[in-house]
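Enquirer: sequence isn't available, so here's the structure alone:
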Ligand code: MN
């Protein structure tokens, strides 16, 4: 495959995906996802927006230190300070890319930037040149391209290519385009910009009308050679184009696409499960490629056909996207070494022997309750551990619940609250309500419960339940997760995890791109 027909996969789960309400991740979680993306052979990993906060800077830097194969990208507005900080964060990268952007639609230029079109072109050119001082790999995005004047787009894109931009990304920031129209825009830009052959055209589509993948594929059919996407379609509002759908559509319809990705598609399902576990955003069962029903055949006629000849009803093979792979299980007799090796395969590195020992103890406790420990269980275990940091305000110590037909459920919760151990009892409409009421009486957060969901991580009645709780306080939304074979305990863990996060100060700029 020549480089001309390679479709570059640019994953922005760690940047745009993390901007989903409630999906913020800590550095260790971002590293785990970055390793998983690299293992899948994603070409470019957008690791964050370094200027947003010191935490974002450190996360991008940490990803740049760890990832060796994929290009690591940092986002920056067309401002010298943003670009300097992005360049600094990417210094350790084997291959670093700066992605800079400025708005080009009349409404954004006039109302937001208060700049004339000439000034915007000048600023974009300067930004690309500043970025080129740090790396040869510079991407430029005209923000709100979908509502920008095409003549102006041609002018600014030609100028930034002359200034040294190597990738031109066309975002449908607000998810407004239709596939035929978006494809025509890409075709038009490539045809009209005189130096368009000196840059890769990229697209970044949002899913507000459910068309992010459709628009991306239409762009690829019209000459785009990079797609920006996220695992499970995570992202602002209705999300971004989902990586798994874009990759499998191109792979499955090689009769129509004159390009293909270099992804190892067998890593898709493990990566999807990891992202779901870290963010607490479950994957809907009927989601294409990675939903639990995506390869299940209910109807008898279909089953009969598939059993006789799979291709009658299946256009993809479940094992090609990683279903059923890595079903190696650990159990209570598994040793520390097998445990450590398996977690390394899942992208989790222990920093200290102590951390390994502590997680191994929790693994043994789980193995006593549940005979077969799957990869999903291990992921939940380390997600749980990584979220229990020493400086948290609230920690669960003990929990007792009484639930009986005809009686009102009662809960007794013991917690550490700011260093003190306290106990409270409460009753509720159900056992989970009773537990949450008891916790709230100890904490007094007055946060509002926006969402509660429980999913079984694996099959079997002894499976761990993974609970997601979303709390809202003063407009800030925060997700918490907890996993346990006892779903009431998992619920308490998730609630407390969300409480710890909702109290953290948040001062981050979120780019709308
Ligand atoms: Mn976006």
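Expert: Good, I have the coordinates. None of these values were measured; they are calculated from a predicted model.

Enquirer: in the stretch 401-513 of the chain, where is pLDDT below threshold?
Expert: Flagging of the stretch 401-513 of the chain using pLDDT under 70 yields the residue ranges 505-507.

Enquirer: in it, which residue sits closest to the ion?
Expert: Closest to the ion within the stretch 401-513 of the chain is residue 513: 4.7 Å, counting by Cβ to the ion. Every residue, glycine included, has its C-beta placed from N, CA and C.

Enquirer: which residues touch that residue?
Expert: In this structure, residue 513 makes contact with 16, 75, 101, 141, 143, 171, 173, 204, judged by Cβ atoms under 8 Å, 6 or more residues apart in numbering.

Enquirer: 7 Å - rerun?
Expert: By Cβ atoms under 7 Å, 6 or more residues apart in numbering, the contact set of residue 513 is 101, 141, 143, 171, 173, 204.

Enquirer: what of residue 232?
Expert: Counting by Cβ under 7 Å, 6+ apart, residue 232 makes contact with 242, 272, 275, 276, 281, 283, 290.

Enquirer: ok, 8 Å please
Expert: Contacts for residue 232 were tallied using Cβ under 8 Å, 6+ apart; they are 239, 242, 244, 272, 275, 276, 281, 283, 287, 290.

Enquirer: could you do residue 432 as well?
Expert: By Cβ under 8 Å, 6+ apart, the contact list for residue 432 reads 452, 488, 491.

Enquirer: what residues sit buried inside the helix or strand where it lies?
Expert: Assigned by DSSP states H and E, residue 432 belongs to helix 431-443. If you call a residue buried by 16 or more other Cβ atoms under 10 Å, then helix 431-443 has these buried ones: 431, 432, 433, 434, 435, 436, 437, 438, 439, 440, 442, 443.

Enquirer: for those, which one is nearest residue 36?
Expert: Closest approach to residue 36 among the buried residues of helix 431-443 (Cβ to Cβ): residue 432, at 31.4 Å.

Enquirer: now do that closest one against residue 104, distance only.
Expert: According to Cβ to Cβ, to the nearest Å, residue 432 and residue 104 sit 49 Å apart.

Enquirer: excluding chain neighbours, what is closest to the residue in the chain positioned nearest to the ion?
Expert: Residue of the chain nearest the ion, by Cβ to the ion: residue 16 (4.2 Å). Using Cβ to Cβ, 6 or more residues apart in numbering and skipping residues adjacent in sequence, the residue nearest residue 16 is residue 235, 4.5 Å away.

Enquirer: number of nearby residues for that neighbour?
Expert: Neighbours of residue 235 under the rule other Cβ atoms under 10 Å: 28.

Enquirer: that one reaches residue 14, doesn't it?
Expert: No. With contact defined as Cβ atoms under 8 Å, residue 235 does not count as touching residue 14 (11.1 Å).

Enquirer: what does the stretch 401-513 of the chain put close to the ion?
Expert: residue 513 (Cβ under 5 Å from the ion).

Enquirer: what about the strands in the stretch 401-513 of the chain?
Expert: Secondary structure of the stretch 401-513 of the chain by DSSP state E, counting those that start in this stretch: the strands cover 410-417, 420-427, 448-456, 465-473, 476-484.

Enquirer: what does this structure put close to the ion?
Expert: By Cβ under 5 Å from the ion, the residues of the chain that approach the ion are 16, 513.

Enquirer: 6 Å - rerun?
Expert: Residues of the chain found near the ion (Cβ under 6 Å from the ion) are 16, 204, 206, 235, 236, 240, 513.

Enquirer: list the residues that contact the residue nearest to residue 16.
Expert: Neighbour list for residue 235: 12, 16, 17, 19, 20, 206, 207 [criterion: Cβ under 8 Å, 6+ apart].

Enquirer: which phi and psi does it have?
Expert: With angles defined as degrees, to the nearest 10, residue 235 sits at phi 150, psi 180.

Enquirer: distance of it relative to residue 219?
Expert: Residue 235 is 17 Å from residue 219, by Cβ to Cβ.

Enquirer: before we move on, back to that, closest to residue 372 among the contacts of residue 235?
Expert: Closest to residue 372, out of all of these and judged by Cβ to Cβ, is residue 17, at 30.8 Å.

Enquirer: just for the chain, where's the confidence low?
Expert: Across the chain, the ranges flagged by pLDDT under 70 are 1-4, 297-303, 305-306, 325-328, 385-391, 505-507.

Enquirer: residue with max distance from the center of it?
Expert: residue 406 (43.6 Å; Cα atoms, centre = their mean).

Enquirer: please report how far residue 281 lies from residue 177.
Expert: For residue 281, the distance to residue 177 (Cβ to Cβ) stands at 25 Å.

Enquirer: which of those two has more residues huddled nearby?
Expert: The residue with more neighbours, out of residue 281 and residue 177, is residue 177; 27 against 21, by other Cβ under 10 Å.

Enquirer: what sits against that one?
Expert: Residue 177 sits next to 146, 185, 205, 211, 215 when contact means Cβ under 8 Å, 6+ apart.

Enquirer: farthest pair within these?
Expert: Using Cβ to Cβ for every pair in the contacts of residue 177, the one that comes out farthest apart is 185 and 211, at 13.7 Å.

Enquirer: after the helix or strand harbouring residue 359, which helix or strand is next?
Expert: Per DSSP H and E, residue 359 falls inside helix 353-369. The first helix or strand that comes after helix 353-369 along the chain, using DSSP H and E, is helix 375-386.

Enquirer: name the nearest residue to residue 340, ignoring sequence neighbours.
Expert: In this structure, residue 340 finds its nearest non-sequential neighbour in residue 356, 6.2 Å apart by Cβ to Cβ, 6+ apart.

Enquirer: and the one you found, how close does it get to residue 228?
Expert: Per Cβ to Cβ, residue 356 is found 36 Å from residue 228.

Enquirer: more neighbours, those two?
Expert: More crowded of residue 356 and residue 228, by other Cβ under 10 Å: residue 228, with 32 against 16.

Enquirer: which element is residue 97 on?
Expert: Secondary structure from DSSP H and E places residue 97 in strand 96-103.

Enquirer: and that strand, what other elements does it pack with?
Expert: strand 71-77, helix 80-89, helix 117-132, strand 138-143, strand 167-172 (3 or more Cβ pairs under 8 Å, 6 or more residues apart in numbering; DSSP states H and E).

Enquirer: redo that, cut-off 10 Å
Expert: Strand 96-103 sits against strand 44-48, strand 71-77, helix 80-89, helix 117-132, strand 138-143, helix 150-163, strand 167-172, strand 200-205, with contacts defined as 3 or more Cβ pairs under 10 Å, 6 or more residues apart in numbering; DSSP states H and E.
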